[in-house]
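S.K.: Next comes the sequence, and after it the predicted model I'd like to discuss.
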Amino acid sequence: MSEPLQTIEQLHEAIRAGLAAKLHDVPTVAHYPASGAAPALPAVLIELAQLAAARDPGNGEMGLLARFQARIVCDAAAAGAALQVRALAARLALAVHHETWNLAIGAAQFVQASPALDAELAAAGQLAWLLDWTHEIDLGQPAWPYEDSSGAALMLGLEPDTGTGREAQYWPAGAAPAVSI
C-alpha cells in the first residue's frame, strides 16, 4: 500500500533509496551532494528541478507537477566511458519508468535523457548526461472547509440485512461493521 506524501524531503529520500536499490552497482546515488565534495564515480545525482501547477485535487491540497533531474556522471578517462554514461542513462530511464517509490503520487513519466553540457565537469575530466522525469504530486493537508449542516449521516449495511426494519444492523461510514463479515 502506498504511503501518503507529506513533504518534498520524504519524496527525495524515497527516490534516492529506490534508485540506490535498483542501481546497486553504482557507487554514488545521492541528492544535492555537498558542493566541493567529489563523489565516487559513476554517480547519479538527483535534484528537484521544477514545480509547476497541475490539476487541483479539490480538497485543499495543491496539485503540482514535479520535474526531477538526475545527472549521471562518469570518469571520462575510464575505458569505454562514452558508452558507460549512455548505458547508465538507459538503466536509469528503466529504473524510474512508472515508479511511485511506494508513495501516493502519480507514476513517473520519463521526459528525456541527453548529454549535459557542463564546462565544470568537462574541466574535471568527467562525462555527464541529464535525465528528466516528472511526477504529479499533491502537497498540503486535505480539508473540507464547509460545515456539515445537513444533519444526515452515511450509514452502511450488507445485503441481505438491509432495508426497512433492519436499520439497527447498519453502521456509520468509517467505523467497523456492526456485524461480523
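M.R.: Now that the structure is in, tell me what you want to look at. Computed from a predicted model, the values in this text were never measured in an experiment. Numbers count the residues shown, from 1 in each chain.

S.K.: the strands in the protein, which residues?
M.R.: Secondary structure of the chain (DSSP state E): strands located at 28-31, 43-53, 62-75, 109-115, 126-139, 155-156, 171-172.

S.K.: Dump those into JSON lines; add mean neighbour count and mean pLDDT as well.
M.R.: No exception for glycine: its C-beta is placed from N, CA and C like everyone else's. Output for the strands of the chain, formatted as JSON lines (neighbours: other Cβ atoms under 10 Å; pLDDT from 0 to 100):
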{"stretch": "strand 28-31", "mean neighbour count": "19", "mean pLDDT": "94"}
{"stretch": "strand 43-53", "mean neighbour count": "16", "mean pLDDT": "96"}
{"stretch": "strand 62-75", "mean neighbour count": "20", "mean pLDDT": "96"}
{"stretch": "strand 109-115", "mean neighbour count": "14", "mean pLDDT": "97"}
{"stretch": "strand 126-139", "mean neighbour count": "20", "mean pLDDT": "96"}
{"stretch": "strand 155-156", "mean neighbour count": "14", "mean pLDDT": "86"}
{"stretch": "strand 171-172", "mean neighbour count": "12", "mean pLDDT": "84"}
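
S.K.: Now distance to residue 164 too, for the ones you listed, in CSV please.
M.R.: Shown next, in CSV, are these (distance: least, Cβ to Cβ, whole Å):
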stretch, distance to residue 164
strand 28-31, 60
strand 43-53, 49
strand 62-75, 43
strand 109-115, 51
strand 126-139, 41
strand 155-156, 13
strand 171-172, 17
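
S.K.: among those strands, which is nearest residue 88?
M.R.: Shortest separation from residue 88 across those is recorded for strand 62-75, at 5.0 Å, computed as Cβ to Cβ.

S.K.: Please tell me how far the nearest residue to residue 52 once chain neighbours are set aside sits from residue 139.
M.R.: Nearest residue to residue 52, sequence neighbours excluded (Cβ to Cβ, 6 or more residues apart in numbering): residue 65, at 4.5 Å. Going from residue 65 to residue 139 by Cβ to Cβ, to the nearest Å gives 12 Å.

S.K.: before we move on, what about residue 47?
M.R.: 18 Å.

S.K.: Next one: the closest residue in space to residue 95 that isn't next to it in sequence from residue 78, what distance?
M.R.: Ranked by Cβ to Cβ, 6+ apart and with sequence neighbours excluded, the top spatial neighbour of residue 95 is residue 22, at 4.3 Å. According to Cβ to Cβ, residue 22 and residue 78 sit 22 Å apart.

S.K.: now swap in residue 69 and tell me
M.R.: Taking Cβ to Cβ as the measure, residue 69 falls 23 Å from residue 78.
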